[in-house]
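>>> Task: produce atomic coordinates for the following.
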Amino acid sequence: MSLFSFLDSFFTDLGKKNKDPYVKEKEAFHWFTNKGYYGEQRSIDSYSSIELELLLVRATTENNELVIKYLLRNGVNPLKAILQTETEAQLSLLKQNGASLKHELIDPSTVEGDKVQYIKKLIRFGANPNACVIVNEGYDSDAATAEPVKFLPLAYSLDSIEAVKCLLEHGANPLETDYTGRRALDYALLAASSEICDLILAYAKKSGQPIDISSSLLQLMKAKKSVRSSNIKELLAKTNYLIKLGADVNYQDKQGVSVMMAAMSRKGIAAVQQLLVEHGANLELKDAKGRTALVRVLNKKDTAGFATLEKLGAKISSKARQYYEALVEQERNLGSDEYDETAMTTSEIRGRNGHQLAYFKSIHKE
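Residues are numbered from 1 along each chain as shown. Below is the predicted model:
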């Protein structure tokens, strides 16, 4: 290369460096990744996101501020570096160079170690202690068109009272609802101890906006969690817990669904249904479509539910009784192992009880 060519190349490169304000960071990155300029200089785009996150962890551990700046400026997620950093100086280094977790979901259920430190670190870097909106990629592979789904950090902390307390102390709103309309208390009633429920209620009261525990009682009855003999006692205890706190056993939602109606939609909780009646549950309440709990169970052809409501004292009309008996007979015939020529067919049952089809149209008017 001639002297002229060398000088021309030198000043051209110098001009590019002067125009690029981040040239020092880029050079530091190449040096950091190659341990000098003897190896191949890979562009940042040639690294996977995981590789870049691990490089940021290493740069933070080595206190390499230029590389930290370069990686963060290029959008590398700092979560791993933040969680794996143990010293205050290194956390401050990340913070002052723009590390942010404001779009990160706080999910303590994924943490095996210290959940409190995990929460504090994420909140320090901007994570939202309340419901965080993320893209629900589980239901739609196209993230650009996926529906946003709301999650509650509090609901993901229910295995640790310390984690719940930490979130509440850092501004988590106990009244916030997730994409199902449930609050942290509603999840706590299903999965957590009464101490955690007490803590959530106390913070809600402290905020000046007490939780409507009657709606929580309805949510508890609506839960589709299967009830086995091993946890029926727990459901009874949680129901009694809310009733003692003043929950209205006759509470109804906007669709008119009452606590008792929701309870009758579940199997194997006769003891809970009995408890509600003992505390004044009205079996004759009607939903927005004018249906009582009895009508709703008959519409679902739930003969066991009918029998339960009758035992609990529900008013049974003659038409409802005939329809129930027809259903029982139909179940008996359909359940027979051998063909019986004398058995009545479904249409014959309907013919004998001509009110049956009309019943669906008229029973809610009674």
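>>> What distance do you get for the most centrally placed residue in the chain to residue 103?
Note on the chain: the residue nearest the mean C-alpha position is residue 151, at 4.9 Å, using Cα atoms, centre = their mean. Here the criterion is Cβ to Cβ, to the nearest Å. By it, residue 151 lies 13 Å from residue 103. C-betas here are computed from N, CA, C, even on glycine.
>>> what do you get for residue 317?
In this view, residue 317 and residue 103 are 57 Å apart by Cβ to Cβ.
>>> likewise residue 233?
42 Å.
>>> before we move on, what about residue 220?
33 Å.
>>> Residue 278 now?
49 Å.
>>> quick one: which of residue 220 and residue 103 has more around it?
residue 220 (24 against 12; other Cβ atoms under 10 Å).
>>> quick one, what contacts residue 236?
Residue 236 makes contact with 271, 272, 275 under the criterion Cβ atoms under 8 Å, 6 or more residues apart in numbering.
>>> Next: residue 215.
251, 253.
>>> could the contacts of residue 236 go into a markdown table alongside pLDDT and neighbour count?
Below are the contacts of residue 236 laid out as a markdown table (pLDDT from 0 to 100; neighbours: other Cβ atoms under 10 Å):
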| residue | pLDDT | neighbour count |
| --- | --- | --- |
| 271 | 92 | 13 |
| 272 | 94 | 19 |
| 275 | 96 | 18 |
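>>> Can you add distance to residue 303 and secondary structure and give these back as CSV?
Converted to CSV, the contacts of residue 236 look like this (distance: Cβ to Cβ, whole Å; DSSP: H, G, I helix; E, B strand; the rest coil):
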residue, distance to residue 303, secondary structure
271, 20, helix
272, 20, helix
275, 23, helix
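>>> What is the nearest of those to residue 32?
residue 272 (62.4 Å; Cβ to Cβ).
>>> Quick check: closest non-adjacent residue to residue 101.
Leaving out its chain neighbours, the residue that sits closest to residue 101 by Cβ to Cβ, 6 or more residues apart in numbering is residue 125, at 4.1 Å.
>>> ok, the one you found touching residue 81?
No. With contact defined as Cβ atoms under 8 Å, residue 125 does not reach residue 81; the gap is 10.2 Å.
>>> Tell me the residues that contact both of these two, please.
Shared contacts of residue 125 and residue 81, counting by Cβ under 8 Å, 6+ apart, come down to 94, 99.
>>> Compare the two and say which is more crowded by neighbours.
residue 81 (26 against 18).
>>> show me the contacts for the more buried one.
53, 56, 57, 59, 60, 94, 99.
>>> Test my guess that the last one contacts residue 82.
When you say that, I think you mean residue 99. Yes. Between residue 99 and residue 82 a contact is recorded at 6.6 Å, counting by Cβ under 8 Å.
>>> how close does residue 170 get to residue 123?
Residue 170 is 5 Å from residue 123, by Cβ to Cβ.
>>> Ignore what I typed, I meant residue 237.
Residue 237 is 33 Å from residue 123, by Cβ to Cβ.
>>> overlap in contacts of residue 99 and residue 82?
Counting by Cβ under 8 Å, 6+ apart, the residues touching both residue 99 and residue 82 are residue 125.
>>> any idea of the mean pLDDT for stretch 71-84?
For stretch 71-84, mean pLDDT rounds to 94.
>>> Now do the SS call for the residue nearest to residue 28 when sequence neighbours are not counted.
Of all residues not flanking residue 28 in the chain, residue 66 sits nearest, at 3.7 Å (Cβ to Cβ, 6+ apart). Three-state assignment for residue 66 (DSSP: H, G, I helix; E, B strand; the rest coil): helix.
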